[in-house]
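Undergrad: Generate coordinates for the sequence data below:
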Amino acid sequence: MGRTARIALIAVSGALVLTLAIMSTVSPSAPGASASPVSRADAPPAAPPVPGHCRTAIEPDAACTAAWEVKRRQFFREQDEST
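TA: Just a heads-up that it's a prediction; the model follows:
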């Protein structure tokens, strides 16, 4: 086997491996396969929704400030000082 034939064989083998790797990553899972369950045990409790008027409020409002603070803490996963 000549040098050119070896290089061609290695190139074809590499392309085949790369193609199989891409196909296994992109292809959908097998039919009937179930997704792994997602545990929400470590998720923080749901915060109450922010009142609608707080989204467009121009003047400072204590209720809106408190609601946005709860949402901010939930987003950054900060612990309450009271707990």
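Undergrad: Flag the shaky bits of the chain, pLDDT-wise.
TA: Across the chain, the ranges flagged by pLDDT under 70 are 27-30, 32-36, 43-45, 47, 79-83.
Undergrad: same thing but at 90, please
TA: 1-2, 21-83 (pLDDT under 90).
Undergrad: Would you state the helices of it in chain order?
TA: Taking DSSP state H, the helices of the chain run over residues 3-26, 62-75.
Undergrad: next one: the longest one to chain centre, how far?
TA: Mean-position distance between helix 3-26 and its chain equals 32 Å (C-alpha atoms, centre = their mean, to the nearest Å).
Undergrad: Can I get it in CSV, CA atoms only?
TA: What follows is helix 3-26, C-alpha atoms only, in CSV (Å, rounded to 0.1, in the frame of the first residue of the first chain):
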residue,chain,number,x,y,z
ARG,A,3,1.7,6.5,0.9
THR,A,4,-1.1,8.1,-1.1
ALA,A,5,-3.4,5.2,-0.4
ARG,A,6,-2.7,5.3,3.3
ILE,A,7,-3.4,9.0,3.5
ALA,A,8,-6.7,8.5,1.6
LEU,A,9,-7.7,5.6,3.9
ILE,A,10,-7.0,7.7,7.0
ALA,A,11,-9.0,10.7,5.5
VAL,A,12,-12.0,8.5,4.7
SER,A,13,-11.9,6.9,8.1
GLY,A,14,-11.7,10.2,9.8
ALA,A,15,-14.6,11.6,7.7
LEU,A,16,-16.7,8.5,8.6
VAL,A,17,-16.0,8.9,12.3
LEU,A,18,-16.8,12.6,12.2
THR,A,19,-20.0,11.9,10.3
LEU,A,20,-21.1,9.3,12.8
ALA,A,21,-20.4,11.6,15.7
ILE,A,22,-22.4,14.4,14.2
MET,A,23,-25.3,12.1,13.4
SER,A,24,-25.4,10.7,16.9
THR,A,25,-25.5,14.2,18.3
VAL,A,26,-28.1,15.6,16.0
